[in-house]
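Chemist: how would this look folded up:
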Amino acid sequence: MKVEYTSFGTPIKDENGKIVNGIVYLHGWSGNYGSIRRIADIIGPGSAIDTNKFFIISLSTLGSPNSSSPSSSKLANEFPSYSIEDMVKFQMEFLKDKFNIDHLKGIIGNSMGGFEALTWAAKYPDYSDFLISLVSSYKVNGQNYALFKFMNRIIENDPNYNNGAYLKPLDVATKLANESMYPYGLSKEYYRKESIEDIDLYMDEMGEEGSEMDANDIVYRNNASTNFDIEDILSKIKVKTLIVAINQDQFFPPELDAIPMSKMIKNSHLLTYDTLLGHIGTNEIIKIENEINDFLKEFK
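Modeler: Take a look at the predicted model:
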């Protein structure tokens, strides 16, 4: 299978030639391997995620356009449906084949990447030493479920959709589907302060990004997300876990997601902070660099 990735930092190997200081970063719904730039402010020599101590790998997960996906494989609607756990297995296979890694120092997952990271730690509790969940949750329901279903309905009701066997890009449908996410990405306070002109501009920009997406890629990824629920196995996570939440996050408000999750994972620490950027506030993760550095000290 095709895998798009980047890696940086210093690999350290044991006497058997195995890399022992690997960290994997898992991106969110609309991201790819380059989404690690969200936390770039805390990565580097001497930073919380010290590139002298860790070897960091960021990849575009299963279903992403430049890794194996309906669009990149040319299989379109014949591409097999997949789950969040399948994404995890995809990454595990890649790490083994490319780097001969079968154990990680840590897993960091942002948003949908958090779904994967939490699933990884629950299903394979001995695979890593630590876990960091950023603005994420242990299941998709309520507003998030409705939004994913709504996005798919926009696409599936396009007259040219043809059950995913469309002959030309559904750029209007994918544009509208992506635009539908715009009101939730930032905080309510942020939108109130923005001018009407800026909101129109940013919605148009998000729509243009959506028009370049493949409809099947969106539908498949949404289906994987709407089926995500690991509440019944969350207690199996035994690695040291840091749960990071943002108080203004509209997708995953701490009181509904991070706080209950912290009570279900025994060896976990909950950290919340404020940012008007809401769900995408991991772009301001520098605000909590000291706390993350304290969490990672024992693993360096």
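Chemist: tell me the secondary structure at the residue lying farthest from the centre of the chain.
Modeler: Ranking residues of the chain by C-alpha distance from their mean position (CA atoms, centre = their mean) puts E15 at the top, at 33.3 Å. The three-state label for E15, taken from DSSP: H, G, I helix; E, B strand; the rest coil, comes out as coil.
Chemist: per-residue confidence for it?
Modeler: If you check E15, the pLDDT there is 92.
Chemist: from I218, how far out is it?
Modeler: 46 Å (CB to CB, to the nearest Å). Using the backbone N, CA and C atoms, a C-beta is placed for each residue, glycine as well.
Chemist: one more: D14?
Modeler: 42 Å.
Chemist: look at those two and report which has more neighbours.
Modeler: Using other CB atoms under 10 Å, the more surrounded residue of D14 and I218 is I218, with 26 against 9.
Chemist: how far away is V135 from N283?
Modeler: Applying CB to CB to V135 and N283 gives a distance of 11 Å.
Chemist: out of these two, which sits in the busier spot?
Modeler: V135 (27 against 13).
Chemist: shouldn't that one be in contact with Q250?
Modeler: No - under the criterion of CB atoms under 8 Å, V135 makes no contact with Q250, lying 10.4 Å away.
Chemist: joint contacts of the two?
Modeler: Taking CB atoms under 8 Å, 6 or more residues apart in numbering as the contact rule, V135 and Q250 both touch H279.
Chemist: so G113 lies in a helix, does it not?
Modeler: Yes - membership of G113 in a helix is supported by three-state DSSP.
Chemist: setting aside sequence neighbours, what's the nearest residue to it?
Modeler: Distance criterion CB to CB, 6 or more residues apart in numbering; nearest residue to G113, sequence neighbours excluded, is L26 at 3.1 Å.
Chemist: OK, contacts around that neighbour?
Modeler: Counting by CB under 8 Å, 6+ apart, L26 makes contact with 61, 91, 107-110, 112-114, 116-117.
Chemist: ok, now with 10 Å
Modeler: Going by CB atoms under 10 Å, 6 or more residues apart in numbering, L26 touches 35-36, 58-59, 61, 87-88, 91, 107-117, 120, 133-134, 136.
Chemist: can you check G106 too?
Modeler: Contacts of G106 by CB under 10 Å, 6+ apart are 21-25, 49, 54, 56, 117, 128-132, 239-240, 242, 295-296, 299.
Chemist: and the helix or strand that contains it, how far from the chain's centre?
Modeler: In the assignment (DSSP states H and E), G106 maps to strand 104-110. Centroid separation between strand 104-110 and its chain, computed with CA atoms, centre = their mean, to the nearest Å, is 11 Å.
Chemist: quick one: strands adjacent to it?
Modeler: strand 22-26 (parallel), strand 128-134 (parallel) (DSSP bridges).
Chemist: adding mean pLDDT and distance to N157, write those strands out as TSV.
Modeler: Formatted as TSV, the strands paired with strand 104-110 follow (pLDDT from 0 to 100; distance: least, CB to CB, whole Å):
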stretch	mean pLDDT	distance to N157
strand 22-26	98	31
strand 128-134	98	33
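Chemist: looking at the ones you listed, which is nearest to T275?
Modeler: Of all the strands paired with strand 104-110, strand 128-134 sits nearest to T275, with 12.4 Å by CB to CB.
Chemist: may I have that closest one exported as CSV, CA atoms only?
Modeler: C-alpha atoms of strand 128-134 as CSV (Å, rounded to 0.1, in the frame of the first residue of the first chain):
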residue,chain,number,x,y,z
SER,A,128,3.9,2.2,23.3
ASP,A,129,5.2,3.8,26.5
PHE,A,130,3.0,7.0,26.5
LEU,A,131,0.0,8.5,24.8
ILE,A,132,-1.0,12.1,24.2
SER,A,133,-4.6,12.8,23.1
LEU,A,134,-5.1,16.3,21.7
